[in-house]
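Q: Sequence and predicted structure below; questions after.
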Amino acid sequence: MFFELLDAHLATLSSTTSHREAAAAFHDARILPVNAASCAICQHNLQNAIELVEQGCGQQWLLASRPRSPLEDLESTNPNLACSFSEFSKHLSDAQGSAATTDRATADQAATEYRRCLRQWEAVVAEICNLQGFSRFLLPPSYEDLQAAARHGPVIIFIASEYSCSAIIVPTSGEPHHVPLPSVTLTDLNNLKDRFARAIRQASIMGLKELWNDLIVLLRTVWDEIMLPTVNVL
């Protein structure tokens, strides 16, 4: 539910300043997609795990680089509907804030108003989804959409969270395959990343042989612990 709400919020943002403010506000949310994907893997729902990871990546990319938002795409296709969506999104946000009052009578009235605004907002979103090219407005790409990226060969997605580390292989057709990486932790990967970064920084002052020996050790760890278990499933 959080990701859907975040997508809806991001869709209403158009200015660079707004996206920077959102990036600051949701800074700690960047770990949620991989954590959610790890939970989906534990439930043996690999397709949902892939969708969650890709949805989270899309949100972070939107926050970081601000490509055209869904609302901007809609504005170029149907300006009137885009205006209605923005207005109802604002009404819904205002109504949600009003519902936080502690007075019972006022809260009941605010809740009724919120439900009315929500129905209007949902009606506008449904109308947008009926437009050509907008069937998944505010929705993440489906597994079938993402699988198109594997049409020339399998795609491997690595998921590392505080709960588990694993890989998911997306084949050219059919169901995805899960590759557990039980000997790898998020701490291990962060340490490995730091060691790679340190070796690269020190390349100018280290001897070629010393640097090569360090890289061999690091690359062997990556191969033995991550790549080999994945290749064995391919």
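A: Looks like it arrived, so ask away.
Q: three-state assignment of residue 106?
A: For residue 106, the assignment made with DSSP: H, G, I helix; E, B strand; the rest coil gives helix.
Q: excluding its backbone neighbours, what's nearest residue 181?
A: Spatial nearest neighbour of residue 181, excluding adjacent residues (C-beta to C-beta, 6 or more residues apart in numbering): residue 165 at 4.5 Å. Every C-beta, even on glycine, is put in place using the N, C-alpha and C of the backbone.
Q: residue ranges with poor pLDDT in this protein?
A: Scanning the chain for pLDDT under 70 picks out 1-30, 56-69, 97-102, 204, 206-208.
Q: in it, which spans are strands?
A: For the chain, the strands defined by DSSP state E cover 155-160, 165-170, 177-180.
Q: could you list every residue that touches residue 81?
A: Applying C-beta atoms under 8 Å, 6 or more residues apart in numbering, we find residue 81 in contact with 74, 124, 127, 128, 131.
Q: Surely the fourth one and residue 75 touch.
A: No: under the contact definition of C-beta atoms under 8 Å, residue 128 does not touch residue 75, with a separation of 11.4 Å.
Q: Those two: who's more crowded?
A: residue 128 (21 against 18; other C-beta atoms under 10 Å).
Q: who's in contact with that one?
A: Taking C-beta under 8 Å, 6+ apart as the test, what residue 128 contacts is 74, 78, 81, 85, 134, 137.
Q: Now it. Nearest residue, chain neighbours left out?
A: residue 137 is the one closest to residue 128 (C-beta to C-beta, 6+ apart), at 4.8 Å.
Q: Could you check how far that neighbour is from residue 81?
A: 10 Å (C-beta to C-beta, to the nearest Å).
Q: intersection of neighbour lists for the two?
A: 74, 128, 131.
Q: quick one: the first one and residue 138, what's the gap?
A: Same thing as residue 74. 10 Å.
Q: Now do the helices in the chain.
A: 2-11, 16-25, 32-42, 46-65, 70-77, 79-98, 104-129, 143-147, 186-201, 208-222, 228-231 (DSSP state H).
Q: Distance to residue 180 added to those helices, as a markdown table?
A: Shown next, in a markdown table, are the helices of the chain (distance: least, C-beta to C-beta, whole Å):
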| stretch | distance to residue 180 |
| --- | --- |
| helix 2-11 | 25 |
| helix 16-25 | 33 |
| helix 32-42 | 9 |
| helix 46-65 | 12 |
| helix 70-77 | 35 |
| helix 79-98 | 41 |
| helix 104-129 | 37 |
| helix 143-147 | 20 |
| helix 186-201 | 14 |
| helix 208-222 | 17 |
| helix 228-231 | 8 |
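Q: And those: which comes nearest residue 153?
A: helix 143-147 (11.9 Å; C-beta to C-beta).
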